[in-house]
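Participant: Quick one, what's the 3D model for this:
(4 chains)
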Amino acid sequence: MDSEAIARKHEKILAPMTRAGRMFWATVIPLAAIFLWSVFAFGWQYRSGLGETGMGHPVSWAFYLVNFVFFIGISHAGALVSAVLRITRAGWGTPFGRAFDLGRSSRFYWVALHAQFKSPLLWDFTCIMTYFTVSVIFLYVLMVPDIGLLRERFPNRRWLYRPLSLGWTGTEKEWSTIGKAIGILCVAVIPIAVSVHTVVSWVFGMQTQPMWHSTIFAPYFVVGAIYSGIAAIIVVTLALRKVYHLEDYLKPYHFNNMGLLLLTFTLLWAYFTFAEHLTVGYSGGSAEQAVLWSKLTGKYALLFWIMAVLCFVIPFPILIFWRTLPGLLISSICIIVGMWIERYTIIIPSFIEPRLSYVRGDYMPSWVEWSMTAGLAAGFTLAFVIFSKLFPVISIWETEKEEREKESNPR
Amino acid sequence: MKKAILSLIVLVIISLFALVAYHRFPVRTKTAFFSVFPIFTWVSIDQPVLFNHILHTQNLNLNCNFCHRYAGQYRSAGLPNIEICKACHATDAMSKRPEALKVVRYVQKGKEIPWEKMYDLPKFVVFPHSIHVQNNIDCSVCHGLTPKKERPVKMVDRNYMAWCMDCHQKRGASNDCYACHSS
Amino acid sequence: MKISRRNLLKMIGAATLGMALPDELLHALPKEGEWIPYEEHWSSGVCLQCPSGCGLRIRSVNRWPVKLEGIKDYPVNKGRLCPKGQAGLQVLYDPDRIRYPLRRKGDRGKEEWEKISWDEAIDQVTQRLNKLRQDGKSHQLLVLGGRYRGHMHDLMSRFMEAYGSPNHLGNPARGSEGILKGHLFTMGIKEFLSIHWEGVNYLLSFGASLLEASRSTMVNLRGYGLLRRGRPGIRGKLVQVEPRFSLTASKADQWIPIQPGTDGALALGIAHWIIKEKPYDQDFISRHTFGFDDWKDSNGNPRMGFKNLVLKEYSPGQVSFLTGIPEEKIIQLAKEFSSHKPSVAISGRGVGMQTNGAYSQMAIDSLNALVGSIDRQGGLLLQRKAPFQTWLPPLKDSIAEKGLSRPRIDGAGKLPFPFAQEVPYILPERIARGEPYPIDTLFLYYTNPLFSIPESEKLKTALEKIPFIVSFSPFMDETTTFADLVLPDGTYFERWQDDTPEPGPGLSMFGLRSPVLENPLYDVRETGNVLIEIAKGLGGNVAKSFPWKDMTEVLRESIRGVFKSKRGSIRTKDFDEFWKALIEGGGWWDGAYPYGEWRKKFDTPSGRFEFYSQIMEHGLRQLSKDGSKNLEAILKELKIEAKGDKAFLPHFEKPRLIGEEKDYPFQLIHYKWMATAEGRGANQPYLQETAAPHLQERWNSWIEIHPDTAQTLGIKDGDSVWIESKVGKVKTKARLFPGAHPKCIHIPYGQGHRAYGRWAKGRGINPNDLLVSDYDYLGGFLSHFSTRVKVYKA
Amino acid sequence: MYRWGMVIDLDRCTGCQACVVACRQENNVLFAGEDEAKLGRAKFWMNFISEVKGSYPDVRMHFFPIPCMQCDHPPCTKVCPVEATYKNPEGIVAHIYPRCIGVRMCISNCPYTVRYFNWHAPSWPDEYKRGRNPDVYKRRKGVTEKCNFCIQRIRKAKWNAKREKRKLHDGEVIPACAQTCPSEAITFGDLNDPKSRVLKLSKSRRAFRLLDDLGTEPKVYYLKEGEWDDG
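Facilitator: Here you go, the predicted model:
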């Protein structure tokens, strides 16, 4: 089949790329506004210092770290789970998100210049950079045949597609090369993605702060990341399906499978959370106890129990008994919000109750932090929306290949 | 097409490398540069009065400490104020050179000479002149030809951390950051 | 920064660029100022952040002072400084200092000023004073002084004498007069006593805030270290008797909570056990005291002695009922106090600011007499004075004589304040009523009554009645805002002044301030010089009474006496050398303290320590002769309940409280803590930012409530509450503090300024706004702790 | 080689906080102001922390001044990605401001919470600028700062000693906090000098270190409060 025919066949996938209706602008403009506002907020913060946030002593890391861990979790889990959907690419921004948090953000590259290998932050930096590079290549390679197709389909966008398509023509040799490349990258991306989140957790786990200094932090964070990642994918896919009318491609059984996966991770997450708090509660020292009780009954009890409800109590029965599309949507949104709160309750209470029990502190995010959080979320979405206008959200050639395989050996 | 991509990649790599090189090995790049173009090592500074060092030190046999009177005891060496100049240049009796007459004019007006500071270290560096003088480090190690020239000149290739550290290492001085970095 | 469109664009630009550019390109480095060689030198001075008078070593770089340290051998502070002393440079560099003489332009208190020259300002004062004098109204000049140091007080007194006005109020001991009166009645001593910390083993403190705001902060802080670990093998015991769990209580070995105002009773209860069980110092009692046993007067009438009174009325059981302290604790204290000699009983504001203050202090002094720890190793030290040369008396002309013969405006020394030297608290009433005569001109020197006197509104209306007010303050404090003319003094780094610490370390000594900077930072002049200039301008005998050119000459004349004594730390051949050494060393001090000079120091009719105060008796009998009232009536007017001999013996008088218990259920006990002790430090950000030790509060005021009390009132930690007394109400934050007395509300003192610079203004509350004036009439001082308040949520 | 250490006698400490103010004056630590202080942004290289326990009339209060502990195994230096902080040969945990990029991991990993961050650029009132110590660098916004045992004093004393070709003797160099302490609770000196007072006190029966079980090996020792016993 020539490319023109394929394109016509998958008009539904390509259609969103040509049409920019009212809905599109209604989405993009507010998102862009929020995003620009956050840029302004960052400019403000850059100018007058990190003091514009609500951080202080001893709460020296707060919202930005929560966001960093949360978004990195979502985007990386996306990469792990989704080879079909390309939602992960919006997560590339997160490594830069880390730079917002620096006192002198203009010097983030000093981490490379004056590297000290003892520091977990350096590993963090290295892993994220590696992951960033690999996943960019991975997703790009996966897209090359589609871009070749698009180059032919949209002549007025050739300036963009031509260099990106690397002169793809779809010969046998090219197919076999790309197959090999994908094979290698598929294997490579998984350990890297796992390592990224492991290292993010080690940034905490290697510190002496009470409740952070825990051995299960690495798997706990990975599970949490995949958990929130799947939820995010479900939400995004459902949205795409609805907006771009992709019902033919995203069938309910896809979602059922996703729901089952989510259910598994609900249980896994609950298990890890229980284990984490049980060990601390059963045997921990006084400093750990202080943090634990501030989470269970103290200052952070409200947040903690909201998190427990959102991450387990609501989604668990829904996922068992009511695995329909609305059910999935509700539970996924609950999980996303809940997981954000989980990151918050991991990071902030340890600062408020530091090891030296005499030190007192408090934390309330400022407008800058709220704006940056909103901006990050908006930017995330915006990037994806714009991306979906430039590239197909579902890989055409993979769908095609799948169909061809089905045709060649029908069951 | 391929060429364009390749050249792009090469450009990115080169600029990355340049960035790293600039920050990581400043002294080496700079010394390499100055070894090829030594002429740029010396920068003459337009002082309000072109002080003739060689005349004062060799012909008149004045000690550096005579004008830079804190060099032996303090962090700063000190720039001469007109009280010191006054000792000789209260009138034009000592010398009638145009530069000397400028000094006389300053002295008579009672105005300080607005010397330009030539060797300016960042504020976070503690450079005690006294210690270096006591350890018999010759002024020219850092100040180059200044004491032996007719015009005030500045040696531009010296004010780098690695250069200081090299020298410290050679002479067995401490290379602890706190030896020089102010708290 | 305003958010305009331009700025918005800039910021977005900055944000985008920010990721790529190093800081230096965006924030160009500030251009280095004129490069000057690094020149360091050290000079000496004396601190004036509190009355301790610590010796200062001042480190200056390029002529600007940058750090303060203590003078190593200075007897007060021995090279150390307290936080207030350390923050001293913020006094010198305060951005809100008055920089030149000011004349009022707008209405009073509106703070609209015009700059005038010094000559003009001094001229104005001189002309006014001259006219007043010529009109024969010289007594209408009133001087309110506060922190006089050294000879400044004498100089001002001399001016007033030569000028002819009796109205000089300048008592530096404001707030603790009760202690002074106790000392006066028992020992005839007019100064505070200090503790021989090197020797003391057992310290019984009746509410003395030793570690917070006591008299001599530094001697006590240093002394505490000595008491604890200063002597190998000996660790002294400190017992703190106080209603509130203060910092001192927390560092004491034992804290004994007591009903406020009953310290005297406890002291007598302890005395009871000591007298009964007889471990007292019989030698000291028999040789150096009067009125211990019953005695007979010259008429042969039997009189009651201390022993009988105490044995009769103050058994531990009775005292326990009064104070709320269990009997066995009283006995334990008595046992320890009498067996761990040298032991000392001391007191603080809590005792000295009650309606029964003088008697309580007498009781506490009696305890010291019982164990004989006065003027002895490890006991209380009596201040020795430096051998200054006295000046020739001022020349008084007929106007002066006439003016001085007028009664004082505050009526001190007459009923109802027979023993007061001065009663500043009564001034608002008297001035407002123009009684006994109106005041024409008021001088304010280092005092801020609008802040420090309760019921300041009354004073405000009184000040309106005074046509001309001159303030010498370096800072725009509350009262200075009401002045017509401000003649700013320099700070203590910018003037010549001697300084005798009061109380100091006991031995005779003085310090000398000399200007640190060549010229004062701003166009200010030290008040001593201004005063001399005014005197010269007045001409005649007033000018002749001031034969000196300036303050340095005054000091040189006085200090010549010290030079001539040929003793102490500086001994030189000629005076100029002595003077130079004095400036460099910061002060002069005697070698050793002469113990046991009771005969010389006790200034009582018997020349002994008097349990039975003959000073009080003679004074009152004198009054009864003059005013034809009998003694009984006088005692009644002084609101003393005791009758007969008991009135002249240490005894317990019930403290009076103002306000009904059902309307105002809590007693207001304010306290001081180190950083904001006197309210003078409120304009120093380093002190404002120092944490209150127990609650870690900074920059603000709060009240302390007992958690149980707060619960019944429905108040939670951090709530904002109203505190209301009969005369006023204020709003502030409530903090729950388990160390607060359940029946009291505690407020720290020192905040609540309405002026006094950017750091102090409008911050927190001033407990003075709540206080109701009541007096210890016998001592003639204001009682600060007799106000009842109520608290409710705002 | 010197190994600087400090002993704080809690039995002597009066809670006056002279050390706190002296440190700020010596090291140009700007006050934060009320609003910033509420957020916990006030910097105290020598901090003062306290705790009140119990109920009336059995109330107890513990407090102590807390400088940087200058750990022998500092947790903070390991985590710095750019090596801006390190333990210098004399045992002082140094922080080099120009290198710092402000990730604040050293702050979060300091179990004693004695590292402070410049949330804003310090803005000194012009008048106060004259009173700053010229030996101490003015920190910029976005860098961490901490106690360094008044390195400028140590450095100066060492220059003097070098001039006279000798070692520093005990008590010759002391930081601003120890220098001002009214009750002489703070002792500073060389832990390698067998005759130094600080070594003797650190071996005292009353000596303990904060969070000793973490294995950070602090070089700041505290001496427990003693008890008065009758007799």
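
Participant: From now on I want contacts and neighbour counts done on CA atoms only, so please keep to that.
Facilitator: Fine.

Participant: Phi first, then psi, for D:Y222.
Facilitator: Backbone torsions of D:Y222, given as degrees, to the nearest 10, read phi -110, psi 150.

Participant: Based on its surroundings, how many neighbours for it?
Facilitator: When counting by other CA atoms under 10 Å in any protein chain shown, one arrives at 25 neighbours for D:Y222.

Participant: OK, contacts around it?
Facilitator: Applying CA atoms under 8 Å, 6 or more residues apart in numbering or on different chains, we find D:Y222 in contact with D:7-10, D:202, D:206-210.

Participant: after the worst-scoring helix or strand of chain B on mean pLDDT, next one along is what?
Facilitator: Lowest mean confidence among the helices and strands of chain B (mean pLDDT, DSSP states H and E): helix B:26-36, at a mean of 62. Next in sequence after helix B:26-36, counting helices and strands by DSSP states H and E, comes strand B:42-44.

Participant: who touches the residue of the stretch 601-750 of chain C found nearest chain D in this structure?
Facilitator: Here the residue of the stretch 601-750 of chain C nearest chain D is C:P738; by CA to the nearest CA that distance is 5.1 Å. C:P738 sits next to C:705-707, D:52-56, D:59 when contact means CA under 8 Å, 6+ apart.

Participant: The contacts of D:Y222 in helices, which ones?
Facilitator: Counting by DSSP state H, the part of the contacts of D:Y222 found in helices is D:S202.

Participant: Could you single out the nearest of the contacts of D:Y222 to D:P81?
Facilitator: Using CA to CA, D:L210 is the member of the contacts of D:Y222 that sits closest to D:P81, with 26.4 Å.

Participant: Quick one: residues contacting the closest one.
Facilitator: Contacts of D:L210 by CA under 8 Å, 6+ apart are D:218, D:221-222.

Participant: Make CSV out of these and add distance to C:E328.
Facilitator: CSV is the format used below for the contacts of D:L210 (distance: CA to CA, whole Å):
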residue, distance to C:E328
D:P218, 45
D:Y221, 39
D:Y222, 35
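
Participant: Helix, strand or coil: sort out the nearest residue to D:S50 once chain neighbours are set aside for me.
Facilitator: Distance criterion CA to CA, 6 or more residues apart in numbering or on different chains; nearest residue to D:S50, sequence neighbours excluded, is D:F63 at 3.9 Å. Each residue gets one of three states, and D:F63 gets strand by DSSP: H, G, I helix; E, B strand; the rest coil.

Participant: so how far is C:A252 from D:F63?
Facilitator: Using CA to CA, to the nearest Å, one obtains 13 Å as the distance from D:F63 to C:A252.

Participant: Give the burial count for the closest residue to chain C within the stretch 151-300 of chain A, as a bare number.
Facilitator: Residue of the stretch 151-300 of chain A nearest chain C, by CA to the nearest CA: A:K299 (14.4 Å). Residues lying near A:K299 (other CA under 10 Å) number 14.

Participant: What's the biggest helix in chain B, counting residues?
Facilitator: For chain B, the longest helix by residue count, based on DSSP H, is helix B:2-24.

Participant: quick one: secondary structure of D:Y86?
Facilitator: On the three-state scheme (three-state DSSP), D:Y86 is labelled strand.

Participant: for the most centrally placed residue in chain B, what are its contacts?
Facilitator: With distances taken as CA atoms, centre = their mean, the residue of chain B nearest its centroid is B:Y119 (3.3 Å). Shown in contact with B:Y119 (CA under 8 Å, 6+ apart): B:K154.

Participant: now C:M674, nearest residue through space, not along the chain?
Facilitator: The nearest residue in space to C:M674 (CA to CA, 6+ apart) is C:E212, at 4.6 Å.

Participant: What strand or helix carries that neighbour?
Facilitator: If you go by DSSP H and E, C:E212 is not part of any helix or strand.

Participant: Measure how buried it is and give me the count.
Facilitator: If you count neighbours by other CA under 10 Å, C:E212 ends up with 23.

Participant: those helices in chain B, which residues are they?
Facilitator: Secondary structure of chain B (DSSP H): helices at B:2-24, B:26-36, B:53-54, B:64-67, B:82-89, B:98-109, B:129-134, B:139-143, B:161-170, B:177-180.

Participant: For the host helix or strand of C:P428, give me every contacting residue.
Facilitator: Element membership for C:P428, per DSSP H and E: helix C:427-433. Helix C:427-433 has contacts (CA under 8 Å, 6+ apart) with C:409-410, C:436, C:438-439, C:458-463, C:465-466.

Participant: Of the contacts of D:Y222, which is the nearest to C:K662?
Facilitator: Distances from C:K662 to these, taken by CA to CA, are shortest for D:L10, at 44.1 Å.

Participant: Test my guess that that closest one contacts D:A185.
Facilitator: Yes: look at D:L10 against D:A185 with CA atoms under 8 Å: they come within range, at 7.0 Å.

Participant: measure the most centrally placed residue in chain D to chain C for me?
Facilitator: Chain D has D:P67 as the residue nearest its centroid, 2.6 Å off, counting by CA atoms, centre = their mean. Going from D:P67 to chain C by CA to the nearest CA, to the nearest Å gives 15 Å.

Participant: so who does that residue touch?
Facilitator: Contact analysis of D:P67 by CA under 8 Å, 6+ apart lists D:45-47, D:114, D:147.

Participant: same deal with D:T187?
Facilitator: D:T187 is in contact with D:6-8, D:178, D:197-198, counting by CA under 8 Å, 6+ apart.

Participant: Could you do B:C67 as well?
Facilitator: Neighbour list for B:C67: B:78-80, B:84 [criterion: CA under 8 Å, 6+ apart].

Participant: Go through the residues you listed and say which is closest to chain D.
Facilitator: Within these, the smallest distance to chain D is 15.4 Å, found for B:G78 (CA to the nearest CA).

Participant: The closest one touches B:G72, doesn't it?
Facilitator: No: using CA under 8 Å, B:G78 makes no contact with B:G72, being 10.1 Å away.

Participant: the strands in chain D, which residues?
Facilitator: Remark: strands assigned in chain D by DSSP state E are D:4-9, D:47-55, D:58-66, D:85-87, D:93-95, D:116-117, D:144-145, D:186-190, D:207-208, D:220-223.
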